[in-house]
Structures are given as C-alpha cells and as structure tokens.
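Trainee: no sequence for this one, just the structure:
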C-alpha cells in the first residue's frame with residue numbers, strides 16, 4: 001500500500017501537477033493539504049478522471065484537506081469533535097481496508113507572540129485526545145500531513161538560526177513529541193536517519209532545492225503494528241521543481257498490507 005502526502009498550496013493551481021503525479025506513481029492514497037478551495041469549487045472531475053475517489057473539506061483561499069484514493073473510503077471523519085472549533089478543514093480521516101488514514105494540516109502559528117501560536121500548541125494536545133477517543137496504538141493507523149513542525153535540528157538546513165520560529169521553537173517540538181508518543185513511529189526516519197532531506201523549500205530562497213535549503217515539516221507517522229509493515233519511505237522532489245510549483249513536495253511511504 002503506497003500512501004503519500006502533499007501540501008499543494010492551492011489544488012486548483014496545482015491540479016496538473018497532482019494529476020501527472022498520480023498517473024506516474026499510482027499511489028493507493030494521496031493526502032492533500034492547503035487546498036484553498038470551497039467544497040463546491042473543488043476539481044472533482046479532474047480527480048475522478050485520473051481514476052481516483054476523493055473526499056474533502058475546504059474554504060476559500062485558506063486551509064483545506066483532501067484524501068484521494070483508488071478504493072472507496074469508509075469510516076470517514078472530519079475535524080476535532082471535542083466541542084471546540086472543529087477545524088473540519090484541517091483534519092480528515094478515512095479507512096482503506098485495514099488501514100485508517102488521518103490527514104492533518106496543523107496550524108502554522110504565524111509568530112511565537114501571536115495567539116495563533118498558542119492555538120497551534122493546543123491543537124496538538126486536542127489531536128492527541130482525538131486519537132484517544134477514536135483509536136488505540138494497536139490500530140493500523142497512519143497519521144500524515146503538513147504538521148508544521150521540524151522535530152530535530154537535522155530537519156532544517158539552518159536550525160541554529162531558527163530557535164524562535166513557530167515550526168521549530170522548543171514548545172512546538174515538545175507539543176508534537178507529546179502527540180507522537182501517543183503511539184507513533186516516524187516512518188521516514190526509519191529509513192533515512194540522516195539529515196539534509198526536506199519537504200518544504202521557501203519560494204523566497206532562490207534555487208532552494210538545488211542548494212538544499214529546506215525544512216522537513218511534512219510527515220508520515222504510523223502506529224507500531226503498521227510501521228512494522230512499512231517497506232520504504234522517501235521524498236519525491238520532482239513536483240517542487242515544476243514551473244509554478246507548490247513550496248512543498250511529496251512524501252511517500254510504502255507498506256505491505
């Protein structure tokens with residue numbers, strides 16, 4: 001089972017990139033974030049023409065998540081059902097055979113002095129509680145998406161300059177770690193313990209990909225029973241090198257299920 005994640009930074013701007021990637025790679029599941037489109041305007045026809053089912057929640061010019069899949073999804077969930085803001089455009093989950101896929105677009109946080117940063121820290125806490133309500137670490141579960149956190153110094157090309165960045169500040173790394181310890185294995189790191197591999201390259205940095213000036217903020221994490229069935233994980237840089245590319249690229253993991 002091949003599962004991939006990609007922050008498209010506008011699905012309508014990147015639909016050709018997505019369609020071409022699907023045709024070439026044929027994943028079983030592709031999770032998208034930051035689709036930036038209202039549900040009525042989502043390009044469903046292009047996705048179905050590529051041979052994929054699709055479920056989604058989005059809003060105009062902001063947020064948005066989707067799951068594209070070869071098989072019809074079941075056990076579909078949207079948002080954090082804890083009585084607070086559900087954030088349905090930031091979380092979508094579905095089951096495919098024995099595997100539950102959870103796709104999240106974690107708040108970026110803006111600035112460590114901004115209230116959105118505190119919202120981000122709380123969001124990780126709420127997510128851990130959501131996992132507790134719906135699943136156990138024994139579930140065949142994969143958590144993917146743009147998590148807007150670089151867990152370690154080797155996940156950033158210049159970590160020594162980023163101590164106060166909302167995606168690397170010690171508080172957000174600790175918040176992420178607490179959620180991860182619910183019962184997740186970093187599947188990419190299982191196969192690539194080395195640094196220097198990134199999923200995000202800022203538009204403002206010229207030739208960022210070639211200069212290896214990036215961040216690893218997109219992740220595929222799995223519960224131990226599923227991580228044990230993993231066979232590979234890798235970053236595909238090709239979509240980031242396209243004309244009019246997203247600032248993120250595709251992360252893939254493969255499982256024997």
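Mentor: In hand now; what should we look at? The shown structure was predicted, so the numbers you read here are calculated from the model rather than taken from an experiment.
Trainee: tell me the contacts of the nearest residue to residue 108 once chain neighbours are set aside?
Mentor: With C-beta to C-beta, 6 or more residues apart in numbering as the criterion, residue 108 has its nearest non-adjacent residue at 5.0 Å, and that residue is residue 148. All C-beta spots, glycine's among them, are computed from the backbone N, C-alpha and C. If you count contacts by C-beta atoms under 8 Å, 6 or more residues apart in numbering, residue 148 has them with 106, 107, 108, 109, 120, 166, 167, 172, 217.
Trainee: go again using 10 Å as the cut-off
Mentor: 7, 33, 104-109, 120, 123-124, 166-168, 172, 176, 200, 215, 217-219 (C-beta atoms under 10 Å, 6 or more residues apart in numbering).
Trainee: who are the packing partners of the longest helix anywhere in the chain?
Mentor: Ordering each helix of the chain by length in residues (DSSP state H) puts helix 115-134 first. Counting contacts by 3 or more C-beta pairs under 10 Å, 6 or more residues apart in numbering; DSSP states H and E, helix 115-134 is packed against strand 74-78, strand 91-96, strand 99-105, strand 141-146, helix 170-180.
Trainee: stretch 210-223: which residues count as buried?
Mentor: By neighbour count on 16 or more other C-beta atoms under 10 Å, the buried set for stretch 210-223 is 213, 214, 215, 216, 217, 218, 219, 220, 221, 222, 223.
Trainee: okay, and which of the residues you listed map to strands?
Mentor: When DSSP state E defines the strands, the subset of these inside them is 218, 219, 220, 221, 222.
Trainee: wait, doesn't the second one sit right on residue 167?
Mentor: Meaning residue 219. No - in this structure, residue 219 is not within contact of residue 167 by C-beta atoms under 10 Å, at 11.9 Å.
Trainee: identify the contacts common to those two.
Mentor: Going by C-beta under 10 Å, 6+ apart, residues that sit against residue 219 and also against residue 167 are 106, 147, 148, 149, 150, 155, 176.
Trainee: now the two most distant members of these.
Mentor: Using C-beta to C-beta, the shared contacts of residue 219 and residue 167 reach their maximum pairwise distance at 106 and 155, which is 14.8 Å.
Trainee: contact partners for residue 134?
Mentor: 75, 77, 81, 93, 100, 102, 141.
Trainee: okay if I get the buried residues of stretch 210-223 as a markdown table plus distance to residue 237?
Mentor: A markdown table is the format used below for the buried residues of stretch 210-223 (distance: C-beta to C-beta, whole Å):
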| residue | distance to residue 237 |
| --- | --- |
| 213 | 13 |
| 214 | 9 |
| 215 | 14 |
| 216 | 12 |
| 217 | 15 |
| 218 | 12 |
| 219 | 17 |
| 220 | 16 |
| 221 | 21 |
| 222 | 23 |
| 223 | 28 |
